[in-house]
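[1] below is the structure, and that's it, no one-letter string:
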Ligand code: 5GP
Ligand code: ZN
């Protein structure tokens, strides 16, 4: 995609801080890191969302992600690994990428602190999602 910033990085048209590359993924440092070492694992092919991947390529990309995570575990013991999928989930760049975010004691990051709510509809929600997942 010509107007995609990650496609431009992949094509070498924009500079980046590369830390790992294989046939399916490029891992670079995030330009605005949430913590030191914040790494983006970017799909080599342009897919806006996870569900756009063909099955085999998806599995290969997951293997690349796992490899990066294994290596990053030597950098910091604790990591948040997340993908923002969709605008409402905070996805700014519609080209699949995972964030691998190093965590350290007392770093003050609040990724894991969503506002927990009581939901009286768990039974209903379970039925809906369960049927969608088993279609
Ligand atoms: P998203 O919100 O789409 O999950 O995350 C996009 C991420 O890409 C952000 O954390 C942002 O800092 C990072 N980013 C955006 N533009 C660039 C860039 O040109 N270079 C690098 N290395 N990271 C970028
Ligand atoms: Zn792209």
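    Thanks, I have it. Since this is a predicted model, take the numbers as computed values, not measurements. Numbering: from 1, shown residues only. Ligands and ions are numbered 1, 2, ... in the order given.

[2] angles on the backbone of the nearest residue to residue 30 once chain neighbours are set aside, please.
    Leaving aside its sequence neighbours, residue 30 sits nearest to residue 38 (C-beta to C-beta, 6 or more residues apart in numbering; 4.3 Å). Quick note: C-beta positions are derived from backbone N, CA and C, even for glycine. Dihedral pair for residue 38: phi -50, psi 120, per degrees, to the nearest 10.

[3] the most centrally placed residue in the chain: what's it in contact with?
    What sits nearest the mean C-alpha location of the chain, by C-alpha atoms, centre = their mean, is residue 98, with 1.6 Å. Residue 98 sits next to 40, 41, 65, 81, 82, 83 when contact means C-beta atoms under 8 Å, 6 or more residues apart in numbering.

[4] then residue 102?
    Counting by C-beta under 8 Å, 6+ apart, residue 102 has contacts 35, 36, 37, 38, 72, 75, 76, 78, 79.

[5] so after the longest helix along the chain, what's the next helix or strand?
    In the chain, with assignment by DSSP state H, the single longest helix is helix 55-72. Tracing the chain past helix 55-72, the next element assigned as helix or strand by DSSP states H and E is strand 78-82.

[6] that concludes my questions; thank you for your assistance.
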